[in-house]
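Asks: What would the 3D arrangement of this be:
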Amino acid sequence: MLDRPRGPLDSDTVRAYRSRVGRFMEWLSSADVDGEPLTDPVARDWAVRDYRTYLLTVAGRRPSTVNAHMTAIADFYRRRALGPASARREELPKAAPRALDARAQQRWLRAAEQASQRDKALAYAGFYAGLRISEMVALNLGDVRMSARKGHLVVRYGKGGRYREVPLHPALRTTLQAWFEERPNWPGATEGTALFLNRRGGRLSTRGAYGVLTSLAEQARIPVGRSGDFTPHVLRHTAATILTRAGTDIVLVAEIFGHSVETARRYALPTEQDRQAAIERLPVDR
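Replies: The predicted model follows:
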């Protein structure tokens, strides 16, 4: 686990950082750069600026993607005791995080309804609790607290090491109860404490959960991938967007989803669909 001043990086972030730094190193190996960018601060600054330009103009990356690469590279240089490069971030248009529209939400819930109890519980944990995929697979049996009419999920170690308790939506509570009844019948289920199991009875991995959720999205006819409408994280954005636009207090939204208030405010920003709908209101001369 890699550490930073405000807490350890989670495993997904570590993988993403390593991938982005690896691409930077590949670029460095063939780029025409001056000096020694891995040891000299001046050469570092010029190399990182050139790489930023490369990502924008040659690789055709979006500004948000370029900024993500810059963050990973800054982390890399901090660990080499050189500090982050003097390279500006790209200005990003203010927009709401990507979320499923009403029709896609309906198709998602219908696909989940037809799934196995485990897969349905995973689907609902994303949609009705807004859990990150890493938070889903980290849940233990004791992290589900239920009574006859209410309950909550305990997220012991969310992003940035944050602890939070997420109230259970009635649909998620019912589905979890059904999964609790089925779970003991899985091979090896009595030997571990993980809530979500793989087919061998061990803890379901992030990769395994990703496969389950993307398969459901395909069944729901929702395009999958970074260029499509769906990644598992979109479920979290969808839940937060629904609550925010229904008038839920932004401080409460931030608490439920483990965000800062400033981050939670993004869910009130216009979406691409909002912009398109606004443009289409302009009159035409027929």
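Asks: pretty sure residue 159 is in contact with residue 258, am I right?
Replies: Yes - contact status for residue 159 versus residue 258: in contact at 6.3 Å, counting by CB atoms under 8 Å. All C-beta spots, glycine's among them, are computed from the backbone N, C-alpha and C.
Asks: ok, for residue 129, nearest residue in space, not its chain neighbours?
Replies: residue 166 (4.8 Å; CB to CB, 6 or more residues apart in numbering).
Asks: any idea which element the one you found lies in?
Replies: Assigning secondary structure by DSSP states H and E places residue 166 in strand 164-167.
Asks: just checking, what packs against that strand?
Replies: If you count contacts as 3 or more CB pairs under 8 Å, 6 or more residues apart in numbering; DSSP states H and E, strand 164-167 packs onto strand 151-155, helix 250-257.
Asks: One more pass at 7 Å, please.
Replies: strand 151-155 (3 or more CB pairs under 7 Å, 6 or more residues apart in numbering; DSSP states H and E).
Asks: roughly how far out does the strand it packs on sit from the chain middle?
Replies: Mean C-alpha position of strand 151-155 versus that of the full chain (CA atoms, centre = their mean, to the nearest Å) differs by 19 Å.
Asks: Mind checking the pLDDT average for that strand?
Replies: Averaged across strand 151-155, the pLDDT comes to 95.
Asks: buried set for that strand?
Replies: Of the residues in strand 151-155, those scored as buried under the neighbour-count criterion (16 or more other CB atoms under 10 Å) are 151-153, 155.
Asks: Including distance to residue 206, could those residues go into JSON lines?
Replies: What follows is those, written out as JSON lines (distance: CB to CB, whole Å):
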{"residue": "151", "distance to residue 206": "25"}
{"residue": "152", "distance to residue 206": "23"}
{"residue": "153", "distance to residue 206": "17"}
{"residue": "155", "distance to residue 206": "15"}
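Asks: of these, closest to residue 22?
Replies: Distance from residue 22 was checked for each of the buried residues of strand 151-155 by CB to CB. The minimum falls on residue 155, at 30.1 Å.
Asks: so how far is residue 149 from that closest one?
Replies: Distance of residue 155 to residue 149, given as CB to CB, to the nearest Å: 22 Å.
Asks: got a pLDDT number for the closest residue to residue 153 other than its chain neighbours?
Replies: Closest residue to residue 153 apart from its sequence neighbours, by CB to CB, 6+ apart: residue 166 at 4.6 Å. Per-residue pLDDT puts residue 166 at 96.
Asks: Now do residue 166: how many residues are near it, please.
Replies: Applying other CB atoms under 10 Å, we find 23 other residues in the vicinity of residue 166.
Asks: Just the pLDDT at residue 163, thanks.
Replies: pLDDT recorded at residue 163 is 93.
Asks: what number of residues lie near it?
Replies: A total of 10 residues lie near residue 163 under the criterion other CB under 10 Å.
Asks: Helices of the stretch 101-250 of the chain, residue ranges please.
Replies: Counting by DSSP state H, counting those that start in this stretch, one finds helices in the stretch 101-250 of the chain at the ranges 102-113, 117-129, 133-138, 170-182, 206-219, 232-245, 250-257.
Asks: closest one to residue 192 among those helices?
Replies: Taking CB to CB as the criterion, helix 133-138 is the member of the helices of the stretch 101-250 of the chain that comes nearest to residue 192, at 12.4 Å.
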